[in-house]
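Undergrad: fold the following.
(2 chains)
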Protein chains: 2
Amino acid sequence: MKNRIAIVGYGNLGRGVECAIKQNSDMELYGVFTRRAPESLNTLTGAKVFHVDDILNHKDNIDTVIICGGSATDLPVQTPALAEHFNVIDSFDTHAKIPEHFNNVDIAAKKSGKVAMISVGWDPGMFSLNRLYAQAILSDGKDYTFWGKGVSQGHSDAVRRIEGVLDARQYTIPVASAVEAVRNGENPELTVRQKHTRECFVVAAQGADKAKIENEIKTMPNYFADYDTTVHFISAEEMARDHSGIPHGGSVIRSGKTGLNGENTHIIEYSLKLDSNPEFTASVLVAFARAALRMSKEGMSGCKTVFDVAPAYLSAMSGEELRKNIL
Amino acid sequence: MKNRIAIVGYGNLGRGVECAIKQNSDMELYGVFTRRAPESLNTLTGAKVFHVDDILNHKDNIDTVIICGGSATDLPVQTPALAEHFNVIDSFDTHAKIPEHFNNVDIAAKKSGKVAMISVGWDPGMFSLNRLYAQAILSDGKDYTFWGKGVSQGHSDAVRRIEGVLDARQYTIPVASAVEAVRNGENPELTVRQKHTRECFVVAAQGADKAKIENEIKTMPNYFADYDTTVHFISAEEMARDHSGIPHGGSVIRSGKTGLNGENTHIIEYSLKLDSNPEFTASVLVAFARAALRMSKEGMSGCKTVFDVAPAYLSAMSGEELRKNIL
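TA: The predicted model follows:
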């Protein structure tokens, strides 16, 4: 019996989930649910498309809903609403608002008796898991998260809103010497500026004041002012040729001490190098969708995060196969 | 209420557990249980020492027993026997015999209603977890485990058994070009020889035939014959000065493809660089001891592996704190 998945929201992440489901033989895509006119939407794999307002009519055909909306306005509404009827997964990534989102979703999922997993992806998600494991093991230590090299969608959007900018791509880049110091167990104190640099590629409108654009970027509060930022002006052709991917990645590194007097140092590092940020996030979502359905079948309910999922639930292998083959 | 731990077996691993307990304020060492005469043993922290035959007399004072014996002959007997009375953790690491060990321990722990965790450490253990997570996420991919640079106790012992050898230390070293090829997503097919080399430091007896010793090492079946091995003869002083540590480490790397036609590649890497193999293993054991007691209090029982432990159980933080601080 396959795990019948519904996708809500069909942007980059939704398309990534569509592709990831194809790679897992115990999964089946029931359909894509969208706010757009369903007939206007062509799916990559020819999956059926429905209007999201009709989703309750399909309740008996769906085991788990993967919600692929945005964290700013979609997920705070969609996840609690859908958790009242379905097992759901989202990738809510506004770290500061996770406790509030958890509580709202938990109330809905406890009422329905469903499993609702939030903040699944790589950060929050796999990076969070690695922070937890590393902290639990090396209790006397310090950990660091570095992001990149990768495209930050939020920062790219911020640059695009500047007058005279036609298109922009922003890369977040970890400072190599900082990463090395952490890997060497030096436990450095690092400012925001010392951890990451930002690099922007900008297509300016004809006649735009490039010096003014560059200054506006570099002094933008929250987004760029606290970083060393470089700005490159390029043509629309160069943008399309060299910057159409959505790569990302990064590392979680913890160094800690053990021994009677802390005489031994240990370094734990978890690193990702991703060609496609949304496709990787989608692959994490699909693995946790497998877990959600299993946990639901075992009678669990309520809001869960990656911290609450015993790893065995993620694998298509049985416990016996896992112990034999990969333990 | 602290988690009262008993240590069974007081070698390098037992001493590591003793030190790790000191680093965790929710843990308390009740005592060390040994097969030796208790009065002959001085513990690092002044912990009480008892004879292991008396452990049942201390049943009401112990929440969890961390069994620090060897996998060859100790753990197959000790873990099932102790699981009949206590929550237990071991670091059983004979991969091929894990299913058998699991079954024996499971019967005992189900009978007693206790939680018994086996094969906790870094491989098996954290490396196994990372194989599982990475496989579940990137279902179309291939993973590799590299060990080292680090001391292999078994290989060092094998060299020590050769006639004319007074002392020996063997390092397992991953082949840098193989690791690079894997990190680049090339998914190479690698033979045993192409993945690791072996380096031996040997103190020979006066007048011993060094050429013969070197040849015996390099041609030893299972241990060295399938590897490129280098042998260095050194003095006892050099051995004590340069090779008294027990460092280890390694990497689990998975590369996999996503997208409609596998057009995007992703690399997941988990790496450890450990000054002290036994102290790190001990730190993992203590974190899972916390989980075992919690799971036991929630009414779970039977044999568990790292795959069965929801990560939140490992942390001293509450679910709420975890979501707020590290998700």
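Undergrad: and whichever residue of the stretch 1-150 of chain A sits closest to chain B, which of the three is it?
TA: Closest to chain B within the stretch 1-150 of chain A is residue A:136: 3.9 Å, counting by C-beta to the nearest C-beta. Glycine gets a C-beta too; all of them are placed from N, C-alpha and C. Secondary structure assignment for residue A:136 (DSSP: H, G, I helix; E, B strand; the rest coil): helix.
Undergrad: now do it against residue A:146, distance only.
TA: 21 Å (C-beta to C-beta, to the nearest Å).
Undergrad: in three-state terms, label the nearest residue in space to residue A:93 that is not next to it in sequence for me.
TA: Counting by C-beta to C-beta, 6 or more residues apart in numbering or on different chains, residue A:71 is the residue found nearest to residue A:93 once chain neighbours are left out, at 5.1 Å. Classification of residue A:71 by three-state DSSP places it in coil.
Undergrad: so how many other residues sit close to residue A:71?
TA: Neighbours of residue A:71 under the rule other C-beta atoms under 10 Å in any protein chain shown: 18.
Undergrad: gap between the two ends of stretch A:1-11?
TA: With C-alpha to C-alpha, to the nearest Å as the measure, the ends of stretch A:1-11 fall 28 Å from one another.
Undergrad: how far off centre is that stretch?
TA: Taking C-alpha atoms, centre = their mean, to the nearest Å, one finds stretch A:1-11 lying 17 Å from the centre of the chain it belongs to.
Undergrad: now do the buried residues in it.
TA: When burial is assessed from 16 or more other C-beta atoms under 10 Å in any protein chain shown, stretch A:1-11 yields the following buried residues: A:3, A:4, A:5, A:6, A:7, A:8, A:9, A:10.
Undergrad: which strands or helices does the helix or strand harbouring the fourth one pack on?
TA: Just to be clear, that refers to residue A:6. Assigned by DSSP states H and E, residue A:6 belongs to strand A:3-8. Strand A:3-8 sits against helix A:12-22, strand A:27-34, strand A:64-67, helix A:277-297, with contacts defined as 3 or more C-beta pairs under 8 Å, 6 or more residues apart in numbering or on different chains; DSSP states H and E.
Undergrad: let me see the mean pLDDT of stretch A:33-50.
TA: Computed over stretch A:33-50, the mean pLDDT rounds to 96.
Undergrad: what does stretch A:207-218 give?
TA: Averaged across stretch A:207-218, pLDDT comes to 96.
Undergrad: do stretch A:312-323 as well
TA: On average, stretch A:312-323 scores 97.
Undergrad: how about that stretch against chain B, any contact?
TA: Yes - using C-beta under 8 Å from any C-beta of the partner chain, we find that stretch A:312-323 touches chain B at A:312, A:314, A:315, A:316, A:319, A:320, A:322, A:323.
Undergrad: if you rank those by neighbours, which is first?
TA: residue A:323 leads those on contacts (other C-beta under 10 Å) with 25 neighbours.
Undergrad: please enumerate the helices of chain A.
TA: A:12-22, A:75-83, A:98-112, A:126-137, A:153-160, A:176-183, A:192-195, A:210-218, A:236-242, A:277-297, A:319-325 (DSSP state H).
Undergrad: what angle separates the second one from strand A:27-34?
TA: Looking back up the chat, that one is helix A:75-83. Here the directions of helix A:75-83 and strand A:27-34 differ by 120 degrees (axes from the mean of the first three to the mean of the last three C-alpha atoms, to 10 degrees).
Undergrad: return the set of buried residues in helix A:75-83.
TA: Per 16+ other C-beta under 10 Å, helix A:75-83 contains these buried residues: A:75, A:76, A:78, A:79, A:80, A:81, A:82, A:83.
Undergrad: any residues touching that helix, and which ones?
TA: Here helix A:75-83 makes contact (C-beta atoms under 8 Å, 6 or more residues apart in numbering or on different chains) with A:8-9, A:55, A:65, A:67, A:69, A:88, A:90-92, A:97, A:101, A:104-105, A:107-109, A:112, A:114, A:116, A:118, A:303.
Undergrad: angle of it against strand A:3-8?
TA: Going by the same axes, to 10 degrees, helix A:75-83 makes 140 degrees with strand A:3-8.
Undergrad: swap in the fourth one?
TA: When the same axes, to 10 degrees is applied, the directions of helix A:126-137 and strand A:3-8 differ by 120 degrees.
Undergrad: likewise for the third one?
TA: Angle, helix A:98-112 to strand A:3-8, by the same axes, to 10 degrees: 130 degrees.
Undergrad: identify the residues contacting helix A:98-112?
TA: By C-beta under 8 Å, 6+ apart, helix A:98-112 touches A:75-76, A:79-81, A:83-86, A:88, A:92, A:94, A:115-116, A:118-119, A:124, A:301-303, A:305, B:320, B:323-324, B:327.
Undergrad: what residues does the stretch 51-200 of chain A have near chain B?
TA: So the stretch 51-200 of chain A meets chain B at A:95, A:98-99, A:102, A:119, A:124, A:126, A:128-133, A:135-140, A:183 (C-beta under 8 Å from any C-beta).
Undergrad: 6 Å instead, please
TA: A:98-99, A:102, A:119, A:124, A:128-129, A:131-132, A:136-137, A:139-140 (C-beta under 6 Å from any C-beta of the partner chain).
Undergrad: now restrict these to buried residues only.
TA: A:98, A:102, A:119, A:124, A:128, A:129, A:131, A:132, A:136, A:137, A:139.
Undergrad: looking at it, the fourth one is touching residue B:327, isn't it?
TA: Yes - checked against C-beta atoms under 6 Å, the pair residue A:124 and residue B:327 is within contact range at 4.9 Å.
Undergrad: on that earlier part again, nearest to residue A:218, of the residues of stretch A:312-323 next to chain B?
TA: Closest approach between these and residue A:218, by C-beta to C-beta: residue A:314, at 42.7 Å.
Undergrad: grab the nearest non-local neighbour of that closest one.
TA: Nearest non-adjacent residue to residue A:314 (C-beta to C-beta, 6+ apart): residue B:136, at 3.9 Å.
Undergrad: now do the contacts for the one you found.
TA: A:287, A:314, A:315 (C-beta atoms under 6 Å, 6 or more residues apart in numbering or on different chains).
Undergrad: and the gap between the residue nearest to the first one when sequence neighbours are not counted and residue B:270?
TA: So that's residue A:287. Excluding the flanking residues, the one nearest residue A:287 by C-beta to C-beta, 6+ apart is residue B:136, at 4.2 Å. Distance, residue B:136 to residue B:270, using C-beta to C-beta: 14 Å.
Undergrad: report pLDDT for the most centrally placed residue in chain A.
TA: Nearest to the geometric centre of chain A sits residue A:121, at 3.8 Å (C-alpha atoms, centre = their mean). Note for residue A:121: predicted pLDDT of 97.
Undergrad: looking at chain A, which helix or strand is least sure?
TA: Ranking every helix and strand in chain A by mean pLDDT, DSSP states H and E puts helix A:153-160 at the bottom, with a mean of 93.
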